[in-house]
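Participant: Everything below, folded, please.
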Amino acid sequence: MKSMNFKQGCILSELGESRLLRAALASEFLAEVLSVPTVNGARTVSAEGAAALVACIAEQLDGAVKETSTIKGVMRDE
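Facilitator: As a prediction, the model looks like this:
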């Protein structure tokens with residue numbers, strides 16, 4: 001089968017861009033919190049809190065995807 005190369009991009013709305021940025025910032029924050037050494041060597045992290053934060057990140061990413069031109073059906077002029 002012949003390989004077909006399509007150049008197809010999508011546009012992200014301002015709302016989608018905002019959601020994507022919030023997800024990136026939350027992910028970066030979580031990574032920093034979990035990687036900082038503790039003073040006394042022991043660390044406890046609320047499983048429920050971590051799950052809630054990950055769920056919020058997932059919601060932001062889902063919202064960002066829904067704000068793309070591909071999902072919205074908007075064609076991009078090239």
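Participant: a strand runs through Pro37, doesn't it?
Facilitator: No - looking at Pro37 with DSSP: H, G, I helix; E, B strand; the rest coil, it is coil, so not inside a strand.
Participant: ok, how many other residues are close to it?
Facilitator: 6 (other C-beta atoms under 10 Å). Where C-beta positions appear, they are placed from N, C-alpha and C, glycine not excepted.
Participant: contacting residues around Gly16?
Facilitator: 63-68 (C-beta atoms under 8 Å, 6 or more residues apart in numbering).
Participant: Could you identify which of those residues has the most neighbours?
Facilitator: Busiest of the contacts of Gly16 [other C-beta under 10 Å] is Ala64, holding 22 neighbours.
Participant: Could you measure from Val65 over to Gly9?
Facilitator: For Val65, the distance to Gly9 equals 14 Å [C-beta to C-beta, to the nearest Å].
Participant: let me redo that: Ser35
Facilitator: In terms of C-beta to C-beta, Ser35 sits 34 Å off from Gly9.
Participant: more crowded one of those two?
Facilitator: Gly9 (10 against 7).
Participant: Just the element for the more buried one, please.
Facilitator: Using DSSP states H and E, Gly9 sits within no helix or strand.
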